[in-house]
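1. Give me the fold of what follows.
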Amino acid sequence: MVPERGELAERAGISELGVGWESWGALKAGKNIEKLLIRREAGGDGIREIRQLAMDREIPWQPVPVEKLDRLTKIEHQGVIAFLSQVEEQDLNEVITMAYERGEVPLILALDSVTDVRNMGAIARSAECFGAHALLVPKMGTARLGPDAVKSSAGALLRKPVCRVTRLTDGLKLARDHGLRIVACTEKGTTLLDAAELDGPLVIVMGAEDEGISDAVIRIADELVRIPMAGSIGSLNVSVASGIVLHSTLVQRTTKG
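-> Purely as a prediction, here's the structure:
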């Protein structure tokens, strides 16, 4: 039996599906859309407008055979299905500007290709607990911000701003333009975490467990830090590592007033 729309959305880790021209309405209304699936042979002015809106909003879309759309829903999809997210996206420029206006020292946590939804949720929870102003993530190659991630975050993903950018390096450069230093946490780091300066305007970058932080991000980082370890295992789970770095940052900022 083909699942109902809500059941499918729950299985897929998203809040709901936009089916048919609901997708067009979601795009026009500026709703948070993870991605679009469009029937490969679909054409016409409506489909062209949907594609253009997706490109204008930098929303990933994928041409797929009609059989895939038919498997996703028994509702008439008219060649288009949108995956809608319950997590609100916010503009990085606005988040940083508002932090400064409140007299706060901006702290952004950037995640480079973290794809596990439970890690994403746990990281968001730590970000909330330790005072980060926002999460910064790329639109592609990132865990879905759906119910599983929200549950793992204890609701933090519904309260903590999430800023999504086409390329993480672009977001980091924008943050640097606002005066934030870029500190990447990696086993390649030469500075121990306790010796790093973490009390000023800052972006902390954490990488995926399998590949770590990309070379492109490493090249633009102002400082590479590493967490000292005594065990034989050479790396930590990214959510654990994020919590350690954020806690160290909070302690240093509190100590220095």
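2. Only C-alpha atoms from now on, for both contacts and neighbour counts.
-> Fine.
3. Show the contacting residues for the residue nearest to I227 when sequence neighbours are not counted.
-> Spatially, and ignoring its direct neighbours in sequence, I227 is nearest to L193 (5.4 Å; C-alpha to C-alpha, 6 or more residues apart in numbering). Listed by C-alpha atoms under 8 Å, 6 or more residues apart in numbering, the contact set of L193 reads V225, R226, I227, P228, V245, S248.
4. Tell me what the first one is bridged to.
-> Right, the one you point to is V225. C185, T191 (DSSP bridges).
5. That one contacts A196, doesn't it?
-> Yes: proximity of V225 to A196 meets the contact threshold set by C-alpha atoms under 8 Å, at 7.0 Å.
6. With just CA atoms, put the longest helix seen in the chain into PDB.
-> Longest helix of the chain, by residue count under DSSP state H: helix 238-255. What follows is helix 238-255, C-alpha atoms only, in PDB (Å, rounded to 0.1, in the frame of the first residue of the first chain):
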ATOM      1  CA  VAL A 238      31.500  15.100  16.100                       C
ATOM      2  CA  SER A 239      28.600  15.900  18.500                       C
ATOM      3  CA  VAL A 240      30.800  15.100  21.500                       C
ATOM      4  CA  ALA A 241      33.700  17.200  20.100                       C
ATOM      5  CA  SER A 242      31.300  20.100  19.400                       C
ATOM      6  CA  GLY A 243      30.100  20.000  23.000                       C
ATOM      7  CA  ILE A 244      33.700  20.100  24.300                       C
ATOM      8  CA  VAL A 245      34.700  23.000  22.100                       C
ATOM      9  CA  LEU A 246      31.500  25.000  22.900                       C
ATOM     10  CA  HIS A 247      32.000  24.400  26.600                       C
ATOM     11  CA  SER A 248      35.600  25.600  26.500                       C
ATOM     12  CA  THR A 249      34.500  28.700  24.600                       C
ATOM     13  CA  LEU A 250      31.800  29.400  27.300                       C
ATOM     14  CA  VAL A 251      34.200  28.900  30.100                       C
ATOM     15  CA  GLN A 252      36.800  31.200  28.500                       C
ATOM     16  CA  ARG A 253      34.300  33.900  27.800                       C
ATOM     17  CA  THR A 254      32.800  33.700  31.300                       C
ATOM     18  CA  THR A 255      36.200  33.800  32.900                       C
END
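7. re earlier: just the buried subset of the contacts of L193, written out for ChimeraX, thanks.
-> In ChimeraX, a selection of the buried entries from those looks like this (16 or more other C-alpha atoms under 10 Å):
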select :225,226,227,245,248
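8. Identify, from the contacts of L193, the entry nearest to I123.
-> V245 (11.0 Å; C-alpha to C-alpha).
9. Contacts only, for the closest one.
-> L193, I227.
10. What's the local residue count around L158?
-> When neighbours are defined as other C-alpha atoms under 10 Å, L158 has 17 of them.
11. What are the structural domain limits within this structure?
-> 5-84, 92-255 (automatic domain parsing).
12. Return the distance of D210 relative to D116.
-> Between D210 and D116 the computed distance is 11 Å (C-alpha to C-alpha, to the nearest Å).
13. And for T190?
-> Plainly put, T190 is 28 Å away from D116 if you go by C-alpha to C-alpha.
14. neighbour-wise, which of these two wins?
-> D116 (16 against 11).
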